[in-house]
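> How does the following fold in three dimensions:
(2 chains)
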Amino acid sequence: MNDVIIIGGGPAGSTLASYLAKAGFKATIFEAANHPRPHVGESMVMSSVRVFEEIGFLPVMEAEGFIRKYGASWHPIMTNGEAAIWFNEFPQERINQDYTYHVDRSKLDLLMLKHAESLGAKVYQGVTVKKVLFDENNYATGVRIRVADQEMDVPARIVVDASGRHTLLGRQLKVKKNDPIFDQFAVHAWFENVDKGNSDTADFIHIYFLPVQRGWAWQIPITEEITSMGIVAEKEVFREAKLEPADYFNKFVNSNPDLARAMANARRVNEFKLEGDYSYKMDTFAGNGFVMIGDAARFVDPIFSSGVSVALYSAKYSFERIQYAFETGDFSEAALKPYEHKLRAGTEIWYEFIRLYYKLLPLFTYFIQSDKHRLEVLRLLQGEVFDRSEVPVLDAMREFIRTVESNENHLFHKQLSDIPID
Amino acid sequence: MNIQATLERFIVDELLVGAKKTELTPETSLINSGIIDSLSLIRLINFIESQFGVTIEDHEVVVDNFDTLNSLAALIASK
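Residues are numbered from 1 along each chain as shown, chains lettered A, B, ... in the order given. Predicted coordinates for the structure are as follows:
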């Protein structure tokens, strides 16, 4: 029998399979697609590097020549208003490089899947999982798969849902909750000939503020020639615009002078893709004989490139509990729940940070330019904090927002948005 | 260079680019006229803090303190 069945061979599933295979467990991935396949989420934070190193994948990242990401840059709605951060300002323990990566996800995900396979995990592509099977004691016991026209039940001690935004198990158990605040929508495509600007920051991720609530654009270099560009705003903005994706996209490109300049001679090389309904969480993501990891557990918002990192750390932390479960023979919810608590603490920090960011946009720019707060904000942006008590800067942000809220004459007062932060 | 002159040099050289470049008087309205937007304001605050070694408290970021070179100089001098 399989020790662990993993539903989905994206970064979360492949990372967990790699940890498990390295530790000698029998892990099997069922992946519905046939890789390579495209995916959104092309930029990473620093903390991803540590997990790549732990599973022995860092040499593959280097050999593939993915674009190195040394920092991030924000562009307010004005000309030449760029504010940048460099990761090397805040070195992290046990990470021996000062950059992370931008990736073509079709390549990254395939390479990670192959890596898991090379370590001994079994990988089946083109296999759809219909549902997770449970016994009369509500323990997950395996999955029902469909191959060609045949359905078949496959048993396992632990079932892991890594099905990404399909959220297979979350939907089956009816524990998926859409986020009460965020309902964002993205329109994106790849372009050639984007003017990436000043050579120091050309290969950074560039975030351009847009003149609508929670509106921004991303610029992510994929190769020397190709750049991923995306427009993000509330879904309502897209609905009310009543524009074709291309016209909608162009309208917002022209709403930020730095972005308009970057795109002046750009040429689109693939179709526009639309993404929505991606802000949600599961009420529970660890139970008797199962865990959910990566986007199958939770996703909030792409603003800080945290998605892949959260996926990798969910794999790392769930692996620790799965290993414990096999050591003790206890596969119960109680044995696996510490994983959920740990991951939830980390994603809640991102969630709080994201809400404070959207609450008062100048606050973020103010904090990253202030000597007092800059390094702490950088630390948050690196994506390694899973303990709220380690990030008092979030309290400083709240304090600042309270000051601005309570004083109508404060120069940032008009820029407060209606996002609840408590 | 006195406080006002230092502030004026920074605002004109660093914050006002291209078409916005203009002469400032001690009573030119910086905020209400839109000469300084919120992002420039952040740079101005950071400049003041590092240049004069003072701390601008969060609650002091109001029009009364920031609208003219005179009011800004008074704020800094009061520290």
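> Give the other helices and strands that the helix or strand of chain B with the lowest mean pLDDT contacts.
Taking mean pLDDT, DSSP states H and E as the measure, helix B:38-52 is the helix or strand of chain B with the lowest mean score, a mean of 86. Counting by 3 or more C-beta pairs under 8 Å, 6 or more residues apart in numbering or on different chains; DSSP states H and E, the packing neighbours recorded for helix B:38-52 are helix A:361-368, helix B:3-10, helix B:69-77. Just so you know, the C-beta spots here come from the backbone N, C-alpha and C atoms, and that holds for glycine as well.
> Report whether the second one contacts chain A.
No: using C-beta under 8 Å from any C-beta of the partner chain, helix B:3-10 stays clear of chain A, coming no nearer than 14.4 Å.
> got the angle between that helix and helix B:69-77?
When axes from the mean of the first three to the mean of the last three C-alpha atoms, to 10 degrees is applied, the directions of helix B:3-10 and helix B:69-77 differ by 120 degrees.
> For helix B:3-10, list every residue counted as buried.
Using 16 or more other C-beta atoms under 10 Å in any protein chain shown as the burial criterion, the residues of helix B:3-10 that qualify are B:3, B:4, B:6, B:7, B:8.
> Just name the closest of the residues you listed to chain A, please.
Of all the buried residues of helix B:3-10, chain A sits closest to residue B:7, with 16.1 Å by C-beta to the nearest C-beta.
> Report the separation between that closest one and residue B:60.
Applying C-beta to C-beta, to the nearest Å, the value for residue B:7 to residue B:60 is 15 Å.
> so for stretch A:371-384, what's the average pLDDT?
For stretch A:371-384, the mean per-residue pLDDT is 88.
> for stretch B:62-69, same thing?
Averaging pLDDT along stretch B:62-69 gives 90.
> Check what contacts stretch A:379-390 and list those residues.
Counting contacts by C-beta atoms under 8 Å, 6 or more residues apart in numbering or on different chains, the residues outside stretch A:379-390 that touch it are A:45-48, A:50, A:72, A:85, A:87, A:90, A:92, A:304, A:306, A:309-310, A:313, A:342-343, A:345-346, A:348-350, A:352-353, A:391, A:393-394.
> among those residues, which are in strands?
Counted as lying in strands by DSSP state E, out of those, are A:72, A:85.
> follow-up on the earlier one: closest one to residue A:414 among the helices and strands packed on helix B:38-52?
helix A:361-368 (10.3 Å; C-beta to C-beta).
> How far away from the center of its chain is the very next helix or strand once past that closest one?
Sequence order places helix A:374-382 as the next helix or strand after helix A:361-368, per DSSP states H and E. What separates the centre of helix A:374-382 from the centre of its chain is 17 Å, taken as C-alpha atoms, centre = their mean, to the nearest Å.
> neighbours around residue A:203, how many?
In terms of burial, residue A:203 registers 19 neighbours under the definition other C-beta atoms under 10 Å in any protein chain shown.
> related to what we said a few turns ago, now the helices and strands packed on helix B:38-52 in JSON lines, with distance to residue A:150?
Conversion of the helices and strands packed on helix B:38-52 to JSON lines gives the following (distance: least, C-beta to C-beta, whole Å):
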{"stretch": "helix A:361-368", "distance to residue A:150": "53"}
{"stretch": "helix B:3-10", "distance to residue A:150": "73"}
{"stretch": "helix B:69-77", "distance to residue A:150": "76"}
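> which one of those lies closest to residue B:50?
Evaluated with C-beta to C-beta, the helices and strands packed on helix B:38-52 place helix B:3-10 nearest to residue B:50, the distance being 10.8 Å.
> I'd like to know which elements that closest one is packed against.
helix B:38-52, helix B:69-77.
> Run the chain-centre distance for it.
Centroid displacement of helix B:3-10 relative to its chain, using C-alpha atoms, centre = their mean, is 8 Å.
> what is the mean pLDDT for that helix?
Averaged across helix B:3-10, the pLDDT comes to 89.
> What lies in contact with that helix?
Contacts for helix B:3-10 (C-beta under 8 Å, 6+ apart): B:1, B:24, B:26, B:44, B:47-48, B:51-52, B:69-70, B:72-73, B:76-77.
> Quick one, which of the residues you listed are buried?
Buried residues within these, defined by neighbour count using 16+ other C-beta under 10 Å: B:24, B:44, B:47, B:48, B:69, B:72, B:73, B:76.
> Between the contacts of helix B:3-10, which sits nearest residue A:188?
residue B:44 (35.2 Å).
> got a list of what the closest one touches?
Residue B:44 makes contact with B:10, B:11, B:15, B:36, B:66 under the criterion C-beta under 8 Å, 6+ apart.
> ok, these vs chain A, which is closest?
When the contacts of residue B:44 are compared for distance to chain A (C-beta to the nearest C-beta), residue B:66 wins out at 6.3 Å.
> Could you check how many residues crowd around that closest one?
When counting by other C-beta under 10 Å, one arrives at 20 neighbours for residue B:66.
> Same check on residue A:335?
Residue A:335: 20 surrounding residues under other C-beta under 10 Å.
> doesn't residue A:328 make contact with it?
Yes: under the contact definition of C-beta atoms under 8 Å, residue A:335 touches residue A:328, with a separation of 6.8 Å.
> As a check, name the ranges of all helices in chain A.
In order along the chain, chain A carries the following helices (DSSP state H): A:11-22, A:48-54, A:58-64, A:105-118, A:168-172, A:235-241, A:245-253, A:257-262, A:307-328, A:333-359, A:361-368, A:374-382, A:393-405.
> Could you tell me which residues make contact with residue A:85?
Taking C-beta under 8 Å, 6+ apart as the definition of contact, the neighbours of residue A:85 are A:71, A:72, A:73, A:368, A:374, A:377, A:378, A:381.
> typo on my end, it should be residue A:310
A:294, A:298, A:299, A:343, A:346, A:347, A:350, A:383.
> which bits of chain A sit near chain B?
Taking C-beta under 8 Å from any C-beta as the test, the list of chain A residues beside chain B reads A:76, A:78-81, A:83, A:362, A:365-366, A:369-371, A:399-400, A:403-404, A:407, A:409-412, A:415.
> Quick one: buried ones out of these?
By the neighbour-count criterion of 16+ other C-beta under 10 Å, the residues of chain A next to chain B include these buried positions: A:76, A:78-79, A:81, A:83, A:362, A:365-366, A:369-370, A:400, A:403-404, A:407, A:410-412.
> contacts for the longest strand along chain A?
Of all the segments of type strand in chain A, defined by DSSP E, the longest one is strand A:150-161. By C-beta under 8 Å, 6+ apart, the residues outside strand A:150-161 that reach it are A:1-8, A:13, A:16, A:28, A:30, A:130, A:132-133, A:140-146, A:167-170, A:289-293, A:296-297, A:318, A:322, A:325-326, A:331.
> What's the separation between residue B:59 and residue A:245?
Shown here: residue B:59 relative to residue A:245, a distance of 44 Å by C-beta to C-beta.
> returning to that earlier point: so which of the helices and strands packed on helix B:38-52 comes closest to residue A:220?
Go through those one by one with C-beta to C-beta and the one that ends up closest to residue A:220 is helix A:361-368, at 19.1 Å.
> between the closest one and helix B:38-52, how big is the angle?
Using the same axes, to 10 degrees, helix A:361-368 lies at 30 degrees relative to helix B:38-52.
> And helix A:361-368, what does it pack against?
Helices and strands touching helix A:361-368, as assessed by 3+ C-beta pairs under 8 Å, 6+ apart, comprise strand A:71-75, strand A:83-86, helix A:333-359, helix A:374-382, helix A:393-405, helix B:38-52.
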